[in-house]
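Colleague: how does the following fold in three dimensions:
(chains A, B, C and D)
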2 protein chains.
Amino acid sequence: MTVSRAERRQRSEQRILGAARTLFAERGFERTTIRAVAARAGVDPALVMQHFGTKDDLFRRAVQAPPPDERAESPEGLVDHLLDTLGLKMGGLSEQSLAMMRSMLTHPDASATARAALGAQIDRLAAGIDAPDARLRAALLTTIMLGVTVGHQLLDIEELRDVPPEELAALLRPVLHALLPA
Amino acid sequence: MTVSRAERRQRSEQRILGAARTLFAERGFERTTIRAVAARAGVDPALVMQHFGTKDDLFRRAVQAPPPDERAESPEGLVDHLLDTLGLKMGGLSEQSLAMMRSMLTHPDASATARAALGAQIDRLAAGIDAPDARLRAALLTTIMLGVTVGHQLLDIEELRDVPPEELAALLRPVLHALLPA
DNA sequence: GGGTTCGCTCAACAACCGTAGAGCGAAAAA
DNA sequence: TTTTTCGCTCTACGGTTGTTGAGCGAACCC
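Modeller: Model (predicted):
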(Lines give C-alpha, C1' and ligand atoms only; values in the text may rest on other atoms or scores of the structure.)
Protein backbone atom coordinates (compact mmCIF):
# COMPACT_ATOMS: atom_id res chain seq x y z
CA MET A 1 0.00 0.00 0.00
CA THR A 2 2.91 2.31 0.62
CA VAL A 3 4.66 3.79 -2.35
CA SER A 4 8.34 4.36 -2.72
CA ARG A 5 9.61 7.88 -2.96
CA ALA A 6 10.95 7.60 -6.50
CA GLU A 7 7.65 6.11 -7.52
CA ARG A 8 5.68 8.98 -6.04
CA ARG A 9 7.94 11.47 -7.76
CA GLN A 10 7.58 9.88 -11.13
CA ARG A 11 3.88 9.48 -10.67
CA SER A 12 3.18 13.13 -9.93
CA GLU A 13 5.51 14.16 -12.72
CA GLN A 14 3.37 12.17 -15.10
CA ARG A 15 0.19 13.68 -13.71
CA ILE A 16 1.59 17.18 -14.15
CA LEU A 17 2.72 16.38 -17.66
CA GLY A 18 -0.69 15.00 -18.55
CA ALA A 19 -2.50 18.00 -17.13
CA ALA A 20 -0.14 20.33 -18.97
CA ARG A 21 -0.67 18.56 -22.26
CA THR A 22 -4.42 18.72 -21.92
CA LEU A 23 -4.51 22.39 -21.04
CA PHE A 24 -1.91 23.38 -23.62
CA ALA A 25 -3.93 21.52 -26.23
CA GLU A 26 -7.19 23.15 -25.17
CA ARG A 27 -6.16 26.73 -24.53
CA GLY A 28 -2.65 27.15 -25.86
CA PHE A 29 0.47 28.26 -24.09
CA GLU A 30 -0.42 31.80 -23.10
CA ARG A 31 -3.81 31.02 -21.61
CA THR A 32 -2.53 28.06 -19.65
CA THR A 33 -1.28 29.01 -16.21
CA ILE A 34 1.05 27.04 -14.01
CA ARG A 35 -1.59 27.28 -11.34
CA ALA A 36 -4.21 25.71 -13.57
CA VAL A 37 -1.89 22.86 -14.50
CA ALA A 38 -1.09 22.28 -10.85
CA ALA A 39 -4.75 22.35 -9.86
CA ARG A 40 -5.65 19.83 -12.54
CA ALA A 41 -2.83 17.59 -11.41
CA GLY A 42 -3.92 17.97 -7.80
CA VAL A 43 -0.61 19.47 -6.82
CA ASP A 44 0.97 22.66 -5.58
CA PRO A 45 2.09 25.15 -8.28
CA ALA A 46 5.56 25.25 -6.80
CA LEU A 47 5.95 21.56 -7.45
CA VAL A 48 5.50 22.13 -11.14
CA MET A 49 8.40 24.53 -11.15
CA GLN A 50 10.45 22.15 -9.07
CA HIS A 51 9.93 19.39 -11.58
CA PHE A 52 10.24 21.27 -14.82
CA GLY A 53 12.11 24.43 -13.97
CA THR A 54 10.21 26.90 -16.05
CA LYS A 55 6.93 27.23 -17.88
CA ASP A 56 8.71 27.11 -21.21
CA ASP A 57 10.56 23.98 -20.16
CA LEU A 58 7.29 22.40 -19.14
CA PHE A 59 5.89 23.23 -22.54
CA ARG A 60 8.90 21.78 -24.30
CA ARG A 61 8.54 18.56 -22.33
CA ALA A 62 4.80 18.48 -22.89
CA VAL A 63 4.95 18.76 -26.67
CA GLN A 64 7.96 16.62 -27.39
CA ALA A 65 6.66 13.78 -29.46
CA PRO A 66 8.17 10.38 -30.04
CA PRO A 67 10.25 10.39 -33.21
CA PRO A 68 8.21 9.55 -36.29
CA ASP A 69 8.42 5.93 -37.27
CA GLU A 70 10.86 5.51 -40.08
CA ARG A 71 8.74 3.34 -42.20
CA ALA A 72 9.73 2.79 -45.79
CA GLU A 73 8.38 5.63 -47.87
CA SER A 74 7.60 4.18 -51.24
CA PRO A 75 6.22 6.84 -53.56
CA GLU A 76 2.93 5.00 -53.79
CA GLY A 77 2.58 4.74 -50.02
CA LEU A 78 3.18 8.46 -49.65
CA VAL A 79 -0.42 9.46 -49.88
CA ASP A 80 -1.56 6.75 -47.52
CA HIS A 81 1.01 7.80 -44.98
CA LEU A 82 -0.13 11.38 -45.27
CA LEU A 83 -3.70 10.38 -44.69
CA ASP A 84 -2.63 8.66 -41.52
CA THR A 85 -1.02 11.91 -40.47
CA LEU A 86 -4.48 13.38 -40.20
CA GLY A 87 -4.99 11.24 -37.17
CA LEU A 88 -8.15 9.86 -38.61
CA LYS A 89 -7.23 6.36 -37.60
CA MET A 90 -6.53 5.27 -34.10
CA GLY A 91 -8.66 7.86 -32.37
CA GLY A 92 -7.10 11.09 -33.41
CA LEU A 93 -3.82 12.86 -32.99
CA SER A 94 -1.77 12.78 -29.85
CA GLU A 95 -2.32 15.43 -27.24
CA GLN A 96 1.24 16.65 -27.68
CA SER A 97 0.67 17.30 -31.36
CA LEU A 98 -2.49 19.21 -30.61
CA ALA A 99 -0.75 21.17 -27.88
CA MET A 100 2.03 22.17 -30.21
CA MET A 101 -0.32 23.09 -33.04
CA ARG A 102 -2.56 25.08 -30.73
CA SER A 103 0.32 27.34 -29.76
CA MET A 104 2.32 27.40 -32.95
CA LEU A 105 0.93 30.73 -34.13
CA THR A 106 1.52 32.67 -30.94
CA HIS A 107 4.36 31.10 -29.00
CA PRO A 108 7.80 31.61 -30.57
CA ASP A 109 9.11 28.34 -29.22
CA ALA A 110 6.14 26.38 -30.49
CA SER A 111 6.45 28.16 -33.80
CA ALA A 112 10.04 27.02 -34.17
CA THR A 113 9.18 23.48 -33.13
CA ALA A 114 6.31 23.38 -35.58
CA ARG A 115 8.49 24.65 -38.38
CA ALA A 116 11.06 21.99 -37.57
CA ALA A 117 8.48 19.21 -37.45
CA LEU A 118 6.89 20.32 -40.70
CA GLY A 119 10.31 20.70 -42.25
CA ALA A 120 11.17 17.15 -41.31
CA GLN A 121 7.99 15.88 -42.88
CA ILE A 122 8.66 17.92 -45.99
CA ASP A 123 12.09 16.31 -46.20
CA ARG A 124 10.62 12.85 -45.86
CA LEU A 125 7.99 13.52 -48.48
CA ALA A 126 10.32 15.22 -50.92
CA ALA A 127 12.56 12.17 -50.91
CA GLY A 128 9.69 10.20 -52.38
CA ILE A 129 8.75 12.69 -55.08
CA ASP A 130 10.54 12.65 -58.39
CA ALA A 131 10.38 16.16 -59.71
CA PRO A 132 12.59 19.24 -59.80
CA ASP A 133 10.20 21.09 -57.48
CA ALA A 134 9.83 18.13 -55.15
CA ARG A 135 10.35 20.20 -52.02
CA LEU A 136 7.73 22.71 -53.02
CA ARG A 137 5.25 19.95 -53.72
CA ALA A 138 6.09 18.31 -50.44
CA ALA A 139 5.59 21.61 -48.63
CA LEU A 140 2.18 22.04 -50.19
CA LEU A 141 1.20 18.50 -49.29
CA THR A 142 2.26 19.16 -45.73
CA THR A 143 0.47 22.50 -45.35
CA ILE A 144 -2.65 21.05 -46.93
CA MET A 145 -2.77 18.36 -44.30
CA LEU A 146 -2.01 20.97 -41.70
CA GLY A 147 -4.97 23.04 -42.81
CA VAL A 148 -7.41 20.17 -42.75
CA THR A 149 -6.15 19.16 -39.33
CA VAL A 150 -6.40 22.67 -37.95
CA GLY A 151 -9.90 23.07 -39.30
CA HIS A 152 -10.98 19.69 -38.06
CA GLN A 153 -9.28 19.30 -34.70
CA LEU A 154 -8.58 22.83 -33.54
CA LEU A 155 -11.29 25.00 -35.04
CA ASP A 156 -13.82 22.19 -35.01
CA ILE A 157 -15.50 23.22 -38.24
CA GLU A 158 -18.92 21.68 -38.20
CA GLU A 159 -18.84 20.44 -41.78
CA LEU A 160 -15.90 18.23 -40.86
CA ARG A 161 -17.37 17.05 -37.60
CA ASP A 162 -18.67 13.50 -37.45
CA VAL A 163 -17.49 12.74 -40.96
CA PRO A 164 -16.36 9.12 -41.18
CA PRO A 165 -12.58 8.96 -41.61
CA GLU A 166 -12.87 6.86 -44.72
CA GLU A 167 -15.04 9.48 -46.37
CA LEU A 168 -12.49 12.17 -45.66
CA ALA A 169 -9.70 9.95 -46.88
CA ALA A 170 -11.60 9.13 -50.04
CA LEU A 171 -12.10 12.80 -50.85
CA LEU A 172 -8.56 13.80 -50.00
CA ARG A 173 -6.80 11.02 -51.85
CA PRO A 174 -7.20 12.52 -55.32
CA VAL A 175 -6.34 15.92 -53.88
CA LEU A 176 -2.98 14.73 -52.65
CA HIS A 177 -2.37 12.76 -55.81
CA ALA A 178 -2.79 15.96 -57.77
CA LEU A 179 0.49 17.16 -56.28
CA LEU A 180 2.48 14.14 -57.37
CA PRO A 181 4.19 14.38 -60.75
CA ALA A 182 2.50 12.56 -63.60
CA MET B 1 -1.75 74.24 -39.53
CA THR B 2 -4.22 73.75 -36.73
CA VAL B 3 -6.29 70.65 -36.74
CA SER B 4 -9.88 70.36 -35.69
CA ARG B 5 -10.71 68.35 -32.61
CA ALA B 6 -12.81 65.78 -34.40
CA GLU B 7 -10.03 65.40 -36.90
CA ARG B 8 -7.43 64.81 -34.22
CA ARG B 9 -9.67 62.26 -32.56
CA GLN B 10 -10.28 60.32 -35.73
CA ARG B 11 -6.64 60.51 -36.67
CA SER B 12 -5.33 59.00 -33.45
CA GLU B 13 -8.06 56.39 -33.53
CA GLN B 14 -6.77 55.31 -36.90
CA ARG B 15 -3.19 55.25 -35.66
CA ILE B 16 -4.19 53.11 -32.71
CA LEU B 17 -6.16 50.79 -34.94
CA GLY B 18 -3.25 50.44 -37.32
CA ALA B 19 -0.79 49.73 -34.54
CA ALA B 20 -3.18 47.19 -33.04
CA ARG B 21 -3.62 45.40 -36.35
CA THR B 22 0.11 45.17 -36.89
CA LEU B 23 0.85 43.84 -33.44
CA PHE B 24 -2.09 41.46 -33.37
CA ALA B 25 -0.96 40.10 -36.73
CA GLU B 26 2.63 39.72 -35.57
CA ARG B 27 2.23 38.37 -32.06
CA GLY B 28 -1.40 37.44 -31.63
CA PHE B 29 -3.89 38.64 -29.08
CA GLU B 30 -2.35 37.37 -25.87
CA ARG B 31 1.14 38.64 -26.48
CA THR B 32 -0.03 42.05 -27.61
CA THR B 33 -0.33 44.51 -24.74
CA ILE B 34 -2.34 47.69 -24.67
CA ARG B 35 0.84 49.46 -23.69
CA ALA B 36 2.67 48.17 -26.76
CA VAL B 37 -0.16 49.26 -29.02
CA ALA B 38 -0.20 52.68 -27.42
CA ALA B 39 3.55 53.04 -27.69
CA ARG B 40 3.51 52.13 -31.35
CA ALA B 41 0.73 54.62 -31.96
CA GLY B 42 2.64 57.27 -30.02
CA VAL B 43 -0.14 57.63 -27.51
CA ASP B 44 -0.98 57.04 -23.87
CA PRO B 45 -2.31 53.58 -22.99
CA ALA B 46 -5.33 55.14 -21.33
CA LEU B 47 -6.36 56.70 -24.61
CA VAL B 48 -6.64 53.27 -26.18
CA MET B 49 -9.14 52.23 -23.54
CA GLN B 50 -10.99 55.50 -23.91
CA HIS B 51 -11.41 54.94 -27.61
CA PHE B 52 -12.18 51.24 -27.69
CA GLY B 53 -13.39 50.40 -24.23
CA THR B 54 -11.68 47.10 -23.75
CA LYS B 55 -8.88 45.04 -25.21
CA ASP B 56 -11.37 42.59 -26.65
CA ASP B 57 -13.32 45.42 -28.24
CA LEU B 58 -10.12 46.74 -29.74
CA PHE B 59 -9.40 43.33 -31.17
CA ARG B 60 -12.90 43.05 -32.61
CA ARG B 61 -12.53 46.42 -34.29
CA ALA B 62 -9.04 45.56 -35.49
CA VAL B 63 -9.99 42.33 -37.23
CA GLN B 64 -13.34 43.27 -38.68
CA ALA B 65 -12.88 42.99 -42.39
CA PRO B 66 -14.88 44.61 -45.14
CA PRO B 67 -17.60 42.26 -46.36
CA PRO B 68 -16.38 39.95 -49.11
CA ASP B 69 -17.23 41.19 -52.57
CA GLU B 70 -20.28 39.40 -53.83
CA ARG B 71 -18.97 38.60 -57.20
CA ALA B 72 -20.73 36.09 -59.34
CA GLU B 73 -19.54 32.62 -58.40
CA SER B 74 -19.69 30.55 -61.50
CA PRO B 75 -18.57 26.98 -60.84
CA GLU B 76 -15.63 27.43 -63.19
CA GLY B 77 -14.50 30.61 -61.48
CA LEU B 78 -14.55 28.93 -58.10
CA VAL B 79 -11.00 27.76 -58.19
CA ASP B 80 -9.70 31.06 -59.45
CA HIS B 81 -11.50 32.87 -56.71
CA LEU B 82 -10.03 30.52 -54.16
CA LEU B 83 -6.56 31.12 -55.47
CA ASP B 84 -7.13 34.82 -55.00
CA THR B 85 -8.03 34.07 -51.41
CA LEU B 86 -4.45 33.09 -50.85
CA GLY B 87 -3.57 36.72 -51.13
CA LEU B 88 -0.99 35.93 -53.73
CA LYS B 89 -2.07 38.81 -55.85
CA MET B 90 -2.09 42.38 -54.74
CA GLY B 91 0.64 42.11 -52.17
CA GLY B 92 -0.75 39.64 -49.74
CA LEU B 93 -3.62 39.37 -47.35
CA SER B 94 -4.95 42.25 -45.31
CA GLU B 95 -3.50 42.86 -41.89
CA GLN B 96 -6.88 42.22 -40.30
CA SER B 97 -7.06 38.78 -41.83
CA LEU B 98 -3.60 37.96 -40.58
CA ALA B 99 -4.45 39.32 -37.14
CA MET B 100 -7.53 37.14 -36.94
CA MET B 101 -5.75 34.05 -38.18
CA ARG B 102 -2.83 34.58 -35.84
CA SER B 103 -5.13 34.48 -32.83
CA MET B 104 -7.77 32.04 -34.00
CA LEU B 105 -6.26 29.06 -32.19
CA THR B 106 -5.89 30.69 -28.80
CA HIS B 107 -8.40 33.50 -28.43
CA PRO B 108 -12.00 32.31 -28.07
CA ASP B 109 -13.38 35.39 -29.75
CA ALA B 110 -11.04 35.08 -32.69
CA SER B 111 -11.85 31.40 -32.90
CA ALA B 112 -15.55 32.16 -33.22
CA THR B 113 -14.91 34.89 -35.76
CA ALA B 114 -12.70 32.59 -37.78
CA ARG B 115 -15.28 29.83 -37.73
CA ALA B 116 -17.89 32.28 -38.92
CA ALA B 117 -15.71 33.63 -41.71
CA LEU B 118 -14.75 30.14 -42.86
CA GLY B 119 -18.37 29.06 -42.60
CA ALA B 120 -19.41 31.92 -44.84
CA GLN B 121 -16.83 30.94 -47.41
CA ILE B 122 -17.94 27.34 -47.21
CA ASP B 123 -21.48 28.47 -47.89
CA ARG B 124 -20.42 30.50 -50.87
CA LEU B 125 -18.35 27.65 -52.28
CA ALA B 126 -20.93 24.97 -51.64
CA ALA B 127 -23.46 26.95 -53.66
CA GLY B 128 -21.26 26.49 -56.69
CA ILE B 129 -20.65 22.79 -56.25
CA ASP B 130 -23.12 20.30 -57.63
CA ALA B 131 -22.81 17.23 -55.45
CA PRO B 132 -24.61 15.71 -52.48
CA ASP B 133 -21.58 16.30 -50.29
CA ALA B 134 -21.06 19.82 -51.58
CA ARG B 135 -20.63 21.30 -48.13
CA LEU B 136 -18.00 18.78 -47.16
CA ARG B 137 -16.09 19.43 -50.34
CA ALA B 138 -16.37 23.15 -49.77
CA ALA B 139 -15.10 22.75 -46.24
CA LEU B 140 -12.09 20.82 -47.45
CA LEU B 141 -11.35 23.41 -50.11
CA THR B 142 -11.52 26.09 -47.47
CA THR B 143 -9.32 24.34 -44.94
CA ILE B 144 -6.81 23.47 -47.63
CA MET B 145 -6.44 27.11 -48.49
CA LEU B 146 -6.28 27.90 -44.81
CA GLY B 147 -3.42 25.49 -44.35
CA VAL B 148 -1.39 26.83 -47.22
CA THR B 149 -1.97 30.36 -46.00
CA VAL B 150 -1.00 29.51 -42.43
CA GLY B 151 2.14 27.76 -43.58
CA HIS B 152 3.04 30.52 -45.96
CA GLN B 153 2.10 33.72 -44.15
CA LEU B 154 2.11 32.80 -40.49
CA LEU B 155 4.66 30.03 -40.09
CA ASP B 156 6.78 31.33 -42.93
CA ILE B 157 7.81 27.91 -44.15
CA GLU B 158 10.94 28.36 -46.16
CA GLU B 159 9.92 26.10 -49.03
CA LEU B 160 7.02 28.44 -49.71
CA ARG B 161 9.01 31.61 -49.31
CA ASP B 162 9.87 33.54 -52.43
CA VAL B 163 7.88 31.23 -54.63
CA PRO B 164 6.30 33.19 -57.48
CA PRO B 165 2.54 33.38 -57.00
CA GLU B 166 1.88 31.95 -60.43
CA GLU B 167 3.93 28.88 -59.61
CA LEU B 168 1.94 28.29 -56.45
CA ALA B 169 -1.30 28.84 -58.29
CA ALA B 170 -0.27 26.47 -61.05
CA LEU B 171 0.48 23.69 -58.56
CA LEU B 172 -2.64 24.28 -56.52
CA ARG B 173 -5.09 24.51 -59.36
CA PRO B 174 -5.30 20.77 -60.05
CA VAL B 175 -5.40 20.16 -56.31
CA LEU B 176 -8.52 22.24 -55.89
CA HIS B 177 -10.05 20.83 -59.04
CA ALA B 178 -9.70 17.37 -57.52
CA LEU B 179 -12.39 18.31 -55.04
CA LEU B 180 -14.91 19.35 -57.64
CA PRO B 181 -17.27 16.64 -58.85
CA ALA B 182 -16.51 15.12 -62.20
C1' DG C 1 -12.86 87.13 -24.54
C1' DG C 2 -14.84 84.08 -21.04
C1' DG C 3 -16.78 79.79 -20.10
C1' DT C 4 -17.31 75.15 -21.66
C1' DT C 5 -16.21 71.04 -23.91
C1' DC C 6 -13.19 67.29 -24.70
C1' DG C 7 -9.00 64.89 -26.46
C1' DC C 8 -5.31 63.56 -24.01
C1' DT C 9 -1.90 62.36 -20.28
C1' DC C 10 -0.49 61.15 -15.50
C1' DA C 11 -0.61 58.35 -11.74
C1' DA C 12 -2.28 54.58 -9.60
C1' DC C 13 -4.97 50.37 -8.37
C1' DA C 14 -6.26 45.58 -8.14
C1' DA C 15 -5.55 41.23 -10.06
C1' DC C 16 -2.82 37.85 -11.85
C1' DC C 17 1.27 35.92 -13.39
C1' DG C 18 5.80 33.10 -13.06
C1' DT C 19 8.86 32.06 -9.68
C1' DA C 20 11.84 31.43 -5.20
C1' DG C 21 12.86 30.04 -0.41
C1' DA C 22 11.74 28.23 4.04
C1' DG C 23 9.77 24.58 6.39
C1' DC C 24 7.08 20.13 7.25
C1' DG C 25 6.51 15.26 7.35
C1' DA C 26 7.32 10.84 5.83
C1' DA C 27 10.45 7.60 3.51
C1' DA C 28 15.27 6.14 3.43
C1' DA C 29 19.74 5.33 5.36
C1' DA C 30 22.62 4.71 9.56
C1' DT D 1 15.98 4.36 16.85
C1' DT D 2 18.25 8.20 15.28
C1' DT D 3 19.63 10.84 11.54
C1' DT D 4 19.41 12.21 6.92
C1' DT D 5 17.17 12.80 2.65
C1' DC D 6 13.71 14.69 -0.23
C1' DG D 7 8.95 15.11 -2.21
C1' DC D 8 5.81 18.38 -1.26
C1' DT D 9 3.29 22.57 0.46
C1' DC D 10 3.00 27.35 2.28
C1' DT D 11 3.86 31.91 1.83
C1' DA D 12 5.32 35.61 -0.44
C1' DC D 13 7.87 38.68 -3.75
C1' DG D 14 8.51 41.37 -7.95
C1' DG D 15 6.76 42.36 -12.28
C1' DT D 16 3.29 42.94 -15.78
C1' DT D 17 -1.33 43.45 -17.18
C1' DG D 18 -5.94 45.57 -18.12
C1' DT D 19 -8.28 49.26 -16.50
C1' DT D 20 -9.82 53.72 -14.05
C1' DG D 21 -10.38 58.54 -12.43
C1' DA D 22 -8.51 63.08 -11.79
C1' DG D 23 -6.51 66.82 -14.02
C1' DC D 24 -4.36 69.79 -17.84
C1' DG D 25 -4.54 72.45 -21.93
C1' DA D 26 -6.19 73.65 -26.25
C1' DA D 27 -10.12 73.82 -29.48
C1' DC D 28 -14.92 75.11 -29.37
C1' DC D 29 -19.30 77.83 -28.52
C1' DC D 30 -21.56 82.20 -27.08
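Colleague: only C-alpha atoms for contact and neighbour calcs from this point on.
Modeller: OK.
Colleague: and after the helix or strand of chain A with the lowest mean pLDDT, which helix or strand comes next?
Modeller: Of all helical and strand segments in chain A, the minimum by mean pLDDT, DSSP states H and E falls on helix A:77-85, at a mean of 80. The C-terminal neighbour of helix A:77-85 among helices and strands, as given by DSSP states H and E, is helix A:95-103.
Colleague: who's in contact with that next one?
Modeller: When contacts are defined by Cα atoms under 8 Å, 6 or more residues apart in numbering or on different chains, helix A:95-103 is touched by residues A:21-29, A:62-65, A:110-111, A:113-114, A:150, A:153-154, B:105-106.
Colleague: next one: stretch A:25-37
Modeller: Counting by Cα under 8 Å, 6+ apart, residues outside stretch A:25-37 touching it are A:16, A:19-20, A:23-24, A:44-45, A:48, A:55, A:59, A:95-96, A:98-103, A:107, B:30-31, B:105-106.
Colleague: pull out the buried residues from that stretch.
Modeller: Along stretch A:25-37, the positions that meet the burial threshold by neighbour count (16 or more other Cα atoms under 10 Å in any protein chain shown) are A:A25, A:E26, A:R27, A:G28, A:F29, A:T32, A:T33, A:I34, A:A36, A:V37.
Colleague: mind checking how far the first one is from DNA strand D?
Modeller: Spelled out, it's A:A25. When distances are taken as Cα to the nearest atom of the strand, to the nearest Å, A:A25 and DNA strand D turn out to be 22 Å apart.
Colleague: repeat for A:Q153
Modeller: Distance check for A:Q153 against DNA strand D: by Cα to the nearest atom of the strand, it reads 27 Å.
Colleague: quick check: can you list the domain ranges of chain A?
Modeller: Using automatic domain parsing, the domains assigned to chain A come out as A:5-63, A:77-177.
Colleague: comparing those, which yields the minimum mean pLDDT?
Modeller: If the domains of chain A are sorted by mean pLDDT, domain A:77-177 sits at the bottom with a mean of 92.
Colleague: check whether it contacts DNA strand C.
Modeller: No - taking Cα under 7 Å from any atom of the strand as the criterion, domain A:77-177 and DNA strand C are apart, separated by no less than 12.6 Å.
Colleague: tell me where chain A has helices.
Modeller: Taking DSSP state H as the test, the helices found in chain A are A:5-27, A:34-41, A:45-52, A:55-63, A:77-85, A:95-103, A:108-127, A:134-149, A:165-177.
Colleague: make a markdown table from those helices and add distance to B:D133 to it.
Modeller: Conversion of the helices of chain A to a markdown table gives the following (distance: least, Cα to Cα, whole Å):
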| stretch | distance to B:D133 |
| --- | --- |
| helix A:5-27 | 30 |
| helix A:34-41 | 41 |
| helix A:45-52 | 48 |
| helix A:55-63 | 36 |
| helix A:77-85 | 20 |
| helix A:95-103 | 28 |
| helix A:108-127 | 30 |
| helix A:134-149 | 17 |
| helix A:165-177 | 10 |
